[in-house]
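*Asks:* Show me how the following folds:
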Amino acid sequence: MKIKKILNFLALFFLVFSFSGLAQEKFSGNSLLDDLARLKNYQRKRISSYDRSGKNSDALKIQPGETAELARIEGAGIIKHIWITVSCPDPMIRRNAVLRMYWDGEKNPSVECPLGDFFGQGW
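*Replies:* Numbering: from 1, shown residues only. Predicted structure coming up:
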């Protein structure tokens, strides 16, 4: 009798939860692969601090209290890579230097974070 109740419960359980699988949209992954091979309409941009005089002073030197604009790019896009080298001897520079990012003419930054925190450098 006890086994029959358990079997009835299990049958009902699987019957109820098997219908939830039918309600879900099937995912095969093919749509992701199809989109991967399609040409995209975009323009690639690269911002650099290279020395335009031809010498080897390819750096942006920012003094304490100063701000500097690293890039201004109009239109929609994706930031895929940021490379910043810090050569300041101050061990707290990664906490004291703040990175701010503004989108679409905002007055307040969407990103405002110490440089080290943004890049996951806790040292």
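
*Asks:* need the helix or strand of the protein with the lowest average pLDDT.
*Replies:* The helix or strand of the chain with the poorest confidence is helix 30-36; it has a mean of 65 (mean pLDDT, DSSP states H and E).

*Asks:* low-scoring pLDDT stretches of this structure, where are they?
*Replies:* Low-confidence segments of the chain (pLDDT under 70): 15-39, 122-123.

*Asks:* which residues of it fall in strands?
*Replies:* Along the chain, the segments classed as strands by DSSP state E run 98-101, 111-114.

*Asks:* all helices for this protein, in order.
*Replies:* All helices of the chain, identified by DSSP state H, fall at 2-23, 30-36, 93-96, 115-118.

*Asks:* export the last one as PDB, just CAs?
*Replies:* Coordinates of the C-alpha atoms in helix 115-118 are reproduced here as PDB (Å, rounded to 0.1, in the frame of the first residue of the first chain):
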ATOM      1  CA  LEU A 115      41.300  53.200 -11.200                       C
ATOM      2  CA  GLY A 116      42.500  50.200  -9.300                       C
ATOM      3  CA  ASP A 117      39.000  49.100  -8.300                       C
ATOM      4  CA  PHE A 118      37.700  49.400 -11.800                       C
END
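
*Asks:* Give me the buried positions along that helix.
*Replies:* Buried residues in helix 115-118, counted by 16 or more other Cβ atoms under 10 Å: Leu115, Gly116, Phe118. Quick note: C-beta positions are derived from backbone N, CA and C, even for glycine.
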